[in-house]
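# Predicted model and sequence follow; I will ask about them next.
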Amino acid sequence: MPSAHKSLKGQLLLDGGRLAGSYFHRTVVLVCEHTADGAFGLILNRPSKRELGESVDGKLPKWMAGQPLFEGGPILPAAMSFLHSAPVLLQANILPNLSKGHDLAELIELGSDEAAGRKLRVFGGYAGWSPGQLDDEMRREAWLTHPGSIELVFEIEPQDLWRHLLRQRLRWQERLIADSPDDLSWN
């Protein structure tokens, strides 16, 4: 009898050292959806060198146009997704007070809403898994998991996030990976 599906929605997936050489080497992925039909996530720690204003067609508010566009994953790099948070977000769809969206009109509307405490990050592309694929990767221990939070999504510098999370782990091997060079031959 197959086991019941356990959703990882709202969890962070971390490369625990097993993804060297892959697109996901040293990434932190927020799982935004995970059902028996597959999974959808966004890489949190890969800002691109492009600004949002040069990447998105539309009349973006000035503050938003200067924000970096993040590489959300290898699938459909031109597809836009965004994460947004506010102190009270009644229609949150990932975590309390954290939602994802894909609609340009909604993004522009969020940019013009001057709600105190509003946070926003925009991504090009996404990480996706077919039915059962992420579950199989978890069984093979390709990923480590960590509970997601608004603070981890928005407040830790993206280039520090992967190391920050690994340094919090209980196993010394995982903490050691956080401080190892990207290429072990540099050691």
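Here it is on my side, so go on. Residues are numbered from 1 along each chain as shown.

# how about the strands in this structure?
11-15, 28-35, 38-43, 47-51, 68-71, 75-85, 98-101, 119-129, 143-147 (DSSP state E).

# if I pick the nearest residue to residue 23 once chain neighbours are set aside, what's in contact with it?
The shortest distance from residue 23 to any non-neighbouring residue, by CB to CB, 6 or more residues apart in numbering, is to residue 74 (4.9 Å). Using the backbone N, CA and C atoms, a C-beta is placed for each residue, glycine as well. Going by CB atoms under 8 Å, 6 or more residues apart in numbering, residue 74 touches 23, 125, 127.

# In a markdown table: the strands of the chain, plus mean neighbour count.
Below are the strands of the chain laid out as a markdown table (neighbours: other CB atoms under 10 Å):
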| stretch | mean neighbour count |
| --- | --- |
| strand 11-15 | 23 |
| strand 28-35 | 22 |
| strand 38-43 | 23 |
| strand 47-51 | 14 |
| strand 68-71 | 20 |
| strand 75-85 | 18 |
| strand 98-101 | 20 |
| strand 119-129 | 21 |
| strand 143-147 | 16 |
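
# Output those in a markdown table; the columns should cover distance to residue 169 and mean pLDDT.
Below are those laid out as a markdown table (distance: least, CB to CB, whole Å; pLDDT from 0 to 100):
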| stretch | distance to residue 169 | mean pLDDT |
| --- | --- | --- |
| strand 11-15 | 9 | 96 |
| strand 28-35 | 13 | 98 |
| strand 38-43 | 19 | 98 |
| strand 47-51 | 24 | 94 |
| strand 68-71 | 24 | 96 |
| strand 75-85 | 24 | 95 |
| strand 98-101 | 23 | 96 |
| strand 119-129 | 21 | 96 |
| strand 143-147 | 7 | 95 |
